[in-house]
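Let me see the structure of the following:
(4 chains)
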2 protein chains.
Amino acid sequence: MVKFFSVPEFEQRCSACSISELCLPRGLRPMDVRRLETLVSSARPMSAGQSLFAQGEPLRALYVVSRGSMKTTVLDGNGLEQIVGFHYPGDLLGLDGVANDVHVCAAVSLEASEFCRIPFERLEQLTDQLPMLRRRLMRLMSRQLTLDDDLLMGLGSKSGEARLASWLLSCSRHGDRQDQPRRSLQLSMSRGDLANFLGMRIETISRLFSRMDHLGVLRVRQRAVEILDFDRLSEWAGRAARVADR
Amino acid sequence: MVKFFSVPEFEQRCSACSISELCLPRGLRPMDVRRLETLVSSARPMSAGQSLFAQGEPLRALYVVSRGSMKTTVLDGNGLEQIVGFHYPGDLLGLDGVANDVHVCAAVSLEASEFCRIPFERLEQLTDQLPMLRRRLMRLMSRQLTLDDDLLMGLGSKSGEARLASWLLSCSRHGDRQDQPRRSLQLSMSRGDLANFLGMRIETISRLFSRMDHLGVLRVRQRAVEILDFDRLSEWAGRAARVADR
DNA sequence: CGTTGTTTTGACTTTATTCAAGCATGGTGG
DNA sequence: CCACCATGCTTGAATAAAGTCAAAACAACG
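This next block holds a predicted model:
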């Protein structure tokens, strides 16, 4: 059944978009951005818990978060989810599917969110014609690799408090258009998601937040977190690291 | 000072190489492989502990491990290393540097190792002419992303025994040319490296190995590990996962 | 052999998990 | 508008797991 109106797709105007500097068009000539625009449509807005694509689904398009936030998850053999990343406006989703034309993770929205959609096959054809776009795409993929490395570094931090502290700091620095890190954060994920992601139990996360609040390092009110003392938080994040084994 | 003989560089014959099916040339037409070959030279062989490139060094070339094994590490603010990956013949190193033309991790050899070297700028130029090569490169980058995701999933496994067990299983499956996983592994990294990577202390790793040995799941003799009971090992790897929090 | 560096083991301490109960918050329907 | 329930978050006490420090066993190398 063809549904004409259920998925309204508007052509997007990247050149007029406020986040284009974080996004795919960055560094492209206006002429090339124009050609890219013709591929881009807006995907259906989603509310919390809905998924943009599922694990195992064939790769059809890449998506850019334009509003809201997402988590990407992989299901292990027992059907338990592991969160492998959180994603914010400007972030490109779906590149994991390029390797085998199949998504290896699912993308689920954490709150009301919107997206741009770029059919992958047409994007690939366009890269054949626009070397700058190809370069941009490769750099974006590489950036994801380095982000994952940072992540692994954070998770390697042995103590729980260090993991949480360094994650908070990286949140505060996220989308580094301006130099200074944000002081107040509005977390979009539940404690459960955070615990899953950081490899701890919900209760441990909660206790850590409470402790940091009592000590005056943070002010935690539900999902609103304010960083009161950056120095002590960084110190705490570094605490993780004891003497290396060698 | 120009050293003529210290870094002998031979042009490599990818078409004659035994691991070309794991490597960059995979899927390319013989004609294109020929053109790729002209870029490839062999890098200086290295012994354990030597580094192929350092963190912060400008990206000049990509490398493929042809013999031996490597670790990639990032140094955190306090100068402590976190191992972000182990790499084996056929693995491509250096893609992390594409994002900002600077390596964000260092590559250090774990044993006597050899490499092919591909100047990145020339490779990029060649991709402008060979769409298939571009696709292959994108797929390889994507594959690294999915590997990192797997890794994150493994590390998310809360208990130490689960992390070690699932890492061993992934080792045994590594380079899945043939279907059946390897039974006996010759680890090339020290217990210290393994502990660093898995986010545990050396002593914990050692105790886990001992326990698995006593229980007859593994036979551990130094760095030689034989998997005696795949089923129980998998069960152990899954054990990690308790009920998801929600 | 003795020296060096790595790995294993042991006793003890710290940290995180578990299970269970209590608080909020936000929404629904009387 | 307020009692009511559902959900997500916090807290507490007991248990299990991992980390620390110190010493012994083992390999590798000259």
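
what residues does chain A put near DNA strand D?
Proximity of chain A to DNA strand D, by C-beta under 7 Å from any atom of the strand, involves residues A:158, A:190-192, A:202-203, A:205-207, A:209-210, A:220, A:222-223, A:242. (Glycine included, C-beta is placed from N, CA and C.)

Among these, which one has the most neighbours?
A:Ile205 (23 neighbours; other C-beta atoms under 10 Å in any protein chain shown).

What's the local residue count around the closest residue in space to that residue that isn't next to it in sequence?
Using C-beta to C-beta, 6 or more residues apart in numbering or on different chains and skipping residues adjacent in sequence, the residue nearest A:Ile205 is A:Ala195, 4.8 Å away. By other C-beta under 10 Å, 23 other residues sit near A:Ala195.

three-state assignment of A:Ala195?
Three-state call for A:Ala195 (DSSP: H, G, I helix; E, B strand; the rest coil): helix.

pLDDT score for it?
A:Ala195 carries a pLDDT value of 95.

so it makes contact with A:Ile202?
Yes. Shown here, A:Ala195 and A:Ile202 form a contact pair, counting by C-beta atoms under 8 Å, at 4.6 Å.

Which helix runs longest in chain A?
helix A:131-156 (DSSP state H).

May I have the helix or strand following it exported as PDB, CA atoms only?
Moving toward the C-terminus from helix A:131-156, the next helix or strand (DSSP states H and E) is helix A:160-173. Coordinates of each C-alpha in helix A:160-173 appear next as PDB, following Å, rounded to 0.1, in the frame of the first residue of the first chain:
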ATOM      1  CA  GLY A 160      33.100   4.300  38.500                       C
ATOM      2  CA  GLU A 161      33.500   7.800  39.700                       C
ATOM      3  CA  ALA A 162      36.100   8.500  37.100                       C
ATOM      4  CA  ARG A 163      34.000   7.100  34.300                       C
ATOM      5  CA  LEU A 164      31.100   9.300  35.300                       C
ATOM      6  CA  ALA A 165      33.200  12.300  35.800                       C
ATOM      7  CA  SER A 166      35.000  12.100  32.400                       C
ATOM      8  CA  TRP A 167      31.700  11.400  30.700                       C
ATOM      9  CA  LEU A 168      30.200  14.500  32.200                       C
ATOM     10  CA  LEU A 169      33.200  16.500  31.100                       C
ATOM     11  CA  SER A 170      32.900  15.200  27.600                       C
ATOM     12  CA  CYS A 171      29.200  16.000  27.600                       C
ATOM     13  CA  SER A 172      30.000  19.500  28.700                       C
ATOM     14  CA  ARG A 173      32.500  19.900  25.800                       C
END
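
what does the average pLDDT come to for helix A:160-173?
92.

Check stretch A:73-81 too.
85.

ends of it, how far apart?
Using C-alpha to C-alpha, to the nearest Å, one end of stretch A:73-81 lies 6 Å from the other.

quick one: is that stretch near chain B?
Yes. Stretch A:73-81 lies within reach of chain B by C-beta under 8 Å from any C-beta of the partner chain, at A:Val74, A:Asp76, A:Gly77, A:Asn78, A:Leu80, A:Glu81.

what does stretch A:166-185 give?
No. Stretch A:166-185 does not reach chain B (C-beta under 8 Å from any C-beta); its nearest approach is 8.7 Å.

So which of the residues of chain A next to DNA strand D belong to strands?
A:Val220 (DSSP state E).

Show me chain A divided up by domain.
A:14-153, A:158-239 (automatic domain parsing).

and chain A, which residues reach DNA strand C?
A:Ser159, A:Gly160, A:Glu161, A:Gly199, A:Met200, A:Arg201, A:Glu203, A:Thr204, A:Arg207, A:Gln222, A:Arg246.

Could I get the residues you listed in JSON lines, plus columns for distance to chain B?
Converted to JSON lines, the residues of chain A next to DNA strand C look like this (distance: C-beta to the nearest C-beta, whole Å):
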{"residue": "A:Ser159", "distance to chain B": "10"}
{"residue": "A:Gly160", "distance to chain B": "11"}
{"residue": "A:Glu161", "distance to chain B": "14"}
{"residue": "A:Gly199", "distance to chain B": "5"}
{"residue": "A:Met200", "distance to chain B": "8"}
{"residue": "A:Arg201", "distance to chain B": "7"}
{"residue": "A:Glu203", "distance to chain B": "10"}
{"residue": "A:Thr204", "distance to chain B": "10"}
{"residue": "A:Arg207", "distance to chain B": "15"}
{"residue": "A:Gln222", "distance to chain B": "17"}
{"residue": "A:Arg246", "distance to chain B": "5"}
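
Now, the residues you listed that are in helices?
Using DSSP H, those in helices are A:Gly160, A:Glu161, A:Glu203, A:Thr204, A:Arg207.

Setting aside sequence neighbours, what's the nearest residue to the fourth one?
It stands for A:Thr204. A:Gly160 (5.6 Å).

Show the contacting residues for that neighbour.
A:Leu198, A:Met200, A:Thr204, A:Leu208 (C-beta atoms under 8 Å, 6 or more residues apart in numbering or on different chains).

so where's chain A uncertain?
The model of chain A has pLDDT under 70 over residues A:1-12, A:175-179, A:239-246.

Tell me which residue in it sits closest to DNA strand D.
Nearest residue of chain A to DNA strand D: A:Ser210, at 2.9 Å (C-beta to the nearest atom of the strand).

Mind jotting down where the helices sit in chain A?
Using DSSP H, helices in chain A cover A:30-37, A:120-129, A:131-156, A:160-173, A:191-198, A:202-214, A:230-239.

Which elements pack onto the second one?
What that stands for is helix A:120-129. Other helices and strands packing on helix A:120-129, by 3 or more C-beta pairs under 8 Å, 6 or more residues apart in numbering or on different chains; DSSP states H and E, are helix A:30-37, strand A:61-67, helix A:131-156, helix B:131-156.

Could I get these in a markdown table, plus columns for distance to B:Val102 and mean neighbour count?
Shown next, in a markdown table, are the helices and strands packed on helix A:120-129 (distance: least, C-beta to C-beta, whole Å; neighbours: other C-beta atoms under 10 Å in any protein chain shown):
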| stretch | distance to B:Val102 | mean neighbour count |
| --- | --- | --- |
| helix A:30-37 | 26 | 16 |
| strand A:61-67 | 25 | 21 |
| helix A:131-156 | 10 | 20 |
| helix B:131-156 | 17 | 20 |
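
With adjacent residues omitted, what lies nearest to the residue nearest the centre of chain A?
Chain A has A:His87 as the residue nearest its centroid, 1.7 Å off, counting by C-alpha atoms, centre = their mean. With C-beta to C-beta, 6+ apart as the criterion, A:His87 has its nearest non-adjacent residue at 4.4 Å, and that residue is A:Met70.

since we're on that neighbour, how many residues are nearby?
Around A:Met70 there are 26 residues (other C-beta under 10 Å).
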